Each structure stands twice: as C-alpha cells, then as structure tokens.
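J.: Structure, please.
(chains A, B, C and D)
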Number of protein chains: 2
Amino acid sequence: MPANEQHGIPSVWTRPRARREQPALSREQIVAEAVRLLDAEGIDALSMRKLGTRLGAGATSLYRHVANKDELIELVVDEVYGELAEPDVARSAHWRDVTARRAHGLRAMLLKHPWIASLLGEVGVAHLGPNLMRLSDRMIATFEAAGFALSESDHAVRTVFAYVTGMTTSEAAWLTMLARSGQTEQEWVERLWPAAEQAAQAYPRLRKGYADQRGKDPRATRDENFAYGLDLILDGLEARLGQAGPAAG
Amino acid sequence: MPANEQHGIPSVWTRPRARREQPALSREQIVAEAVRLLDAEGIDALSMRKLGTRLGAGATSLYRHVANKDELIELVVDEVYGELAEPDVARSAHWRDVTARRAHGLRAMLLKHPWIASLLGEVGVAHLGPNLMRLSDRMIATFEAAGFALSESDHAVRTVFAYVTGMTTSEAAWLTMLARSGQTEQEWVERLWPAAEQAAQAYPRLRKGYADQRGKDPRATRDENFAYGLDLILDGLEARLGQAGPAAG
DNA sequence: CGCGCCAGCGTATGGTGTACGCTGAAGCGA
DNA sequence: TCGCTTCAGCGTACACCATACGCTGGCGCG
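T.: Below you'll find the model as predicted:
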C-alpha cells in the first residue's frame, strides 16, 4: 500500500475517507440502541461488544460516552421512565383516577420492557435520574393537590411505586421465562400442570387456587390481580384523606 | 515424580489418599455455601469457580448437583425464604397482626440478604419453590380464617407480597450501593446532598422533601416509610372484610 | 473377587467487561 | 497557512466467566 497522497492521485482511495458519516456516537444514541437491543433480545444479550457492533463501533468506543456498564444501565432505566406519558387530565382530574392511570401506565411500560425486572434490583430507585424525578414530582403534586400533606404525599408515592414495581417485576420475570421457552402462557400452564399439582400436594388451598384458575385467561387474571391491589391501596389512601385534611378534587 | 506404586513403597504418598473426608458434595451444602458467599461478598462475587473453591471442589463438580447457575439461583432464593419463622400466634392471632408481622419478617429477611434484590427480577416468584409455597399457603390460610374468600385471599397475599418485595428491593439496592462505597448511610446522604439539590432544582416539592428528611435518621425514615404503606394495604383489606363476609377474629 | 457406576476433575471453548496506548482528524491560536 | 493540542474511536490484551466433554479412580453390589 503506497502512500497515495505523495503521488497526488485523486481517487476515492487517496481521500482520507471523510469522518464517519453517521455523526459518530453519542450517549443518547448509545442508550437508545441499548433499549432496542434489550427489547429485541433480552437482558442476557446486552454486552458492550454487541451494542458497539450494532452502532458500527468497537466495544471500547462506548466508554468515551459512558463510564462503565453499570452507568449505562442507570441511563437505560431512566430512559424508559421517560416514555411515560402524563395522564390525560381532561378525562378526569380526580387524584384517584389520575393515580390509577399512572399506575397502569407504569405497569404497561414495565411489561413492554420486561428486562427491567432484572435491572430494578441493581439500580434501586434509579438514583436521581431526571425522568424518574419528573415522574415523582408529578405524582406528589397530584396528592398534594388532593389535600395530602407533603410528607404523606411522599409516602403515598413510594407505596404506589413499590406496589406497582413489585407486582410487575414478578409478572415480567414470568413473561421473560415464557419468551425464552417460546411457548404461550396457556401452553406453559398446561405443561406445568402436573408438576404444579404435585408441588402443591400438601397445600389444598394452593391446589384449589390453581384449579380455579385453570380455565381462565392467564392474562386477564394478571390484570385483575393487579387492579385488585391497586384499588386496595387507593381505598386506603382515600380513607386517610377523609379523616385528616379537607378533601379536594 | 515417579509412580510410587510400582515400587511398592508403603507411605502416605503411595496410599491413594482416602476419599475426601468431608462427605463429598451435596445440593444442600452447595446452596448453603452459596448463601454464605453471597452474604459475605455480594452478588458479583458469586461464580461457580469461587463457590467450588470454597467447598474444596472444582468449579465443574458443582454441575453434578445443580443443572446450571440459574437453577442454583432458584434454589438459593427459595432457601432464604425458608429462613422465615412463623409469627408467634400466642402474641396475637388477629389476621392483621399476623400479616403485619409476616410482612416485617419478610422485609427483615430481604434486607439481611440484600443480594436477592438482584435475583428476584430473574426468578419472579421463585417458581414452585417449596419454602415459598409453604409461606403462601400459610398466608392464604390466615386470610381465609379471617373470613376472606379463597380467591380474595389469593389476591391479598399477592398484594402484600408485591408491596413488600417492591419496597424492600429498592431499599436493598440502596444498601448494596452503600456497602460497595464503604460509607454509612448518613455520610452518603451528606456527600450526595449538593448533587441531589441540583438535580431537584426544577422540582420544589422534591427539594422540600429532601430538606425535611435531612436531619432525620435515614434508617428510621425507611422503617416509617415501609410501615405507612403496609398499614395502608391492611386498612384496605380490613375495609373489604367489613363490607363482604362475616368478619372473624 | 470383579465389574459397573458415577462423583469429581482437567481441560478447552467461546464469551465477558474494561485498561491501556495508539492513530489520525478537528479545532484553534499565531 | 502552519503547527499544536485535544480527543473520539480502535486494537489488543488480560483476567475472569459459565459450561461441554471425556477421563479416572474409588465404592457398592453381584
């Protein structure tokens, strides 16, 4: 390979191949691609090498924009929190409706990205991520407007959050396992049936519970389940509101 | 190194070193040691090599007793569920007290083994693990005895479980980060203060919340927090009990 | 006594996160 | 316009990971 420049030959080969045409690499781009990768292939597929390749870059190039993998994960988690839309206030501005819609939205988001089940335990409350902070603020605002004290609003937000993430993490883990196995929810339940019945042998209550669920649509059961606990919490909050401050909205 | 046997020299060296004096390896032993390792060094330190070494065995020997690392994790999770003691019925047999004590016990266990925060998202409800099944059964029994229908008892158990795991996962993640940093909760809060205030700049409610918490003992705050949400849920349940079936003790 | 079984081992493979030092283009002051 | 600094991205290297596979040698049973 001669140094073509010295010969002055004007050709594609001599020109120093204009800088990467795609505007290089940016933190936003990396995070967005990571989310796509996670959605497509799940948590185990997220490696710096694979992510780099997808971005047309080497693995270690990513480290210019992200301190390490853990930091990338923090960013990814906050990124998906950013997807949450504000509830449509026109539909109803009652604190209870607004909170319920937010909870359902959060659940839907978590189930859309089931891999975060595995990440929430490492990141906790996604420390100080801007999107999560915005969401917290909005939720607190809703409670304060309804008449809760600030400190109680804070408690309320944490409770709702804990419930939604706890319930949904478990759902997401279940769905992830299903996805890995390539079976439908219904198929899996049928296949697991003998084992489950065996395992529950000593516990008639559990066995009956399984049996009652047998015919039903598993997805509907999960929805119903989630709604039950959420209602419970909202009922509890409503009761507190009645007994303390002057209720609003 | 000559093959001593050929010379018939009777010595410690010729004798084929009596089988491993420790009774070899068993699934129970492996799981127990894994829990110790996790408690001592955290989730990142759990590798088959390290675990094998601690047991005086090679890494791959473990695979005789455990299909793969994921299976080991399922076993480990169920193992710690097994630590939960039944609440002392003598103290009070009221369903609400019993449930509250179970919830606090579960939280204490999860905080004692903060690494499970990272595992719950992968295992979901620790499918069919015997210890978890026993616990579920007991909890359902408590609700049924109190007058809830079976299906509602099931919902109630799931709700309490989701709340406790959700809230505690977040606490555990926080504590794990603290442990990694080697600082106390108080120190960390102080050091993080400017960043937190900065991040909350646009959200006066959050800023005020932080400020209100500033002087308090963080641990006490977490306890209080947990208790609030739990009470909320129990209130909700109590209300349902009143409006439906005939309430029992 | 002899044989089959099987727990545990050694080795090997293909992955991982990330430290380090190089290259070459871009931007900027003279 | 030149020349220097800065810095994005790369290639290589290291230590470690889970785990497949085939061997070995001791134990228990016939």
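J.: What are the buried residues along the helix or strand A:Arg49 falls within?
T.: Taking DSSP states H and E as the definition, A:Arg49 sits inside helix A:48-54. For helix A:48-54, burial by neighbour count (16 or more other Cβ atoms under 10 Å in any protein chain shown) applies to A:48, A:51-52. (Each C-beta comes from the backbone N, C-alpha and C, glycine too.)
J.: chain center to that helix, what's the gap?
T.: Relative to its parent chain, helix A:48-54 has a centroid offset of 22 Å by Cα atoms, centre = their mean, to the nearest Å.
J.: Follow the chain on from that helix and name the next helix or strand.
T.: Following helix A:48-54 in sequence, per DSSP H and E, is helix A:69-81.
J.: Break chain A into its domains for me.
T.: Taking automatic domain parsing as the reference, chain A has its domains at A:17-66, A:95-182+A:216-243.
J.: wait, A:Val89 sits on A:Trp95?
T.: No: the pair A:Val89 / A:Trp95 is not scored as a contact, 11.1 Å apart, by Cβ atoms under 8 Å.
J.: quick one, which of the two is more surrounded?
T.: A:Trp95 (26 against 12; other Cβ atoms under 10 Å in any protein chain shown).
J.: measure that one to A:Thr168 for me?
T.: 22 Å (Cβ to Cβ, to the nearest Å).
J.: re earlier: return the most buried member of the domains of chain A.
T.: domain A:95-182+A:216-243 (a mean of 20; mean count of other Cβ atoms under 10 Å in any protein chain shown).
J.: The residue nearest the centre of chain A: helix or strand, and which one exactly?
T.: The centre of chain A sits closest to A:Leu110, judged by Cα atoms, centre = their mean, with a distance of 3.4 Å. Here A:Leu110 is covered by helix A:95-112, with elements defined by DSSP H and E.
J.: A:Tyr228 too?
T.: Here A:Tyr228 is assigned to helix A:218-243, by DSSP H and E.
J.: Over to A:Val157?
T.: Secondary structure (DSSP H and E) places A:Val157 in helix A:150-181.
J.: Run the angle between that helix and helix B:150-181 for me.
T.: 100 degrees (axes from the mean of the first three to the mean of the last three Cα atoms, to 10 degrees).
J.: Below-threshold pLDDT in chain A: ranges please.
T.: By pLDDT under 70, the low-scoring segments of chain A are A:1-23, A:125-126, A:244-249.
J.: Skipping its backbone neighbours, what lies nearest whatever residue of it ends up closest to chain B in space?
T.: Per Cβ to the nearest Cβ, A:Gly166 is where chain A lies closest to chain B, at 2.5 Å. Take A:Gly166 and drop its neighbours on the chain: the residue closest to it by Cβ to Cβ, 6 or more residues apart in numbering or on different chains is B:Gly166, 2.5 Å away.
J.: Do I have it right that that neighbour meets A:Ala162?
T.: Yes: B:Gly166 sits in contact with A:Ala162 when judged by Cβ under 8 Å, with a separation of 3.7 Å.
J.: I figured A:Phe143 was touching A:Val157, is that so?
T.: Yes: A:Phe143 is in contact with A:Val157 according to Cβ under 8 Å; the separation is 6.8 Å.
J.: Dihedrals phi and psi, A:Gly182?
T.: Taking degrees, to the nearest 10, you get phi 70, psi 10 for the backbone angles of A:Gly182.
J.: surely A:Leu178 meets A:Glu185?
T.: Yes: contact criterion Cβ under 8 Å: A:Leu178 and A:Glu185 qualify, at 6.0 Å.
J.: and the gap between the nearest residue to A:Asp88 once chain neighbours are set aside and DNA strand D?
T.: Nearest residue to A:Asp88, sequence neighbours excluded (Cβ to Cβ, 6+ apart): A:Arg101, at 7.8 Å. According to Cβ to the nearest atom of the strand, to the nearest Å, A:Arg101 and DNA strand D sit 40 Å apart.
J.: list the contacts for A:Arg101?
T.: By Cβ atoms under 8 Å, 6 or more residues apart in numbering or on different chains, the contact set of A:Arg101 is A:87-88, A:91.
J.: export those to a markdown table and tack on neighbour count, secondary structure and distance to A:Ala57?
T.: Converted to a markdown table, the contacts of A:Arg101 look like this (neighbours: other Cβ atoms under 10 Å in any protein chain shown; DSSP: H, G, I helix; E, B strand; the rest coil; distance: Cβ to Cβ, whole Å):
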| residue | neighbour count | secondary structure | distance to A:Ala57 |
| --- | --- | --- | --- |
| A:Pro87 | 20 | coil | 39 |
| A:Asp88 | 11 | coil | 40 |
| A:Arg91 | 10 | coil | 44 |
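J.: Can I get these in CSV including distance to A:Gly229?
T.: Shown next, in CSV, are the contacts of A:Arg101 (distance: Cβ to Cβ, whole Å):
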residue, distance to A:Gly229
A:Pro87, 19
A:Asp88, 24
A:Arg91, 23
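J.: so is A:Leu128 in a helix, a strand, or just coil?
T.: Per DSSP: H, G, I helix; E, B strand; the rest coil, the local secondary structure of A:Leu128 is coil.
J.: Please consider this matter closed, and thank you.
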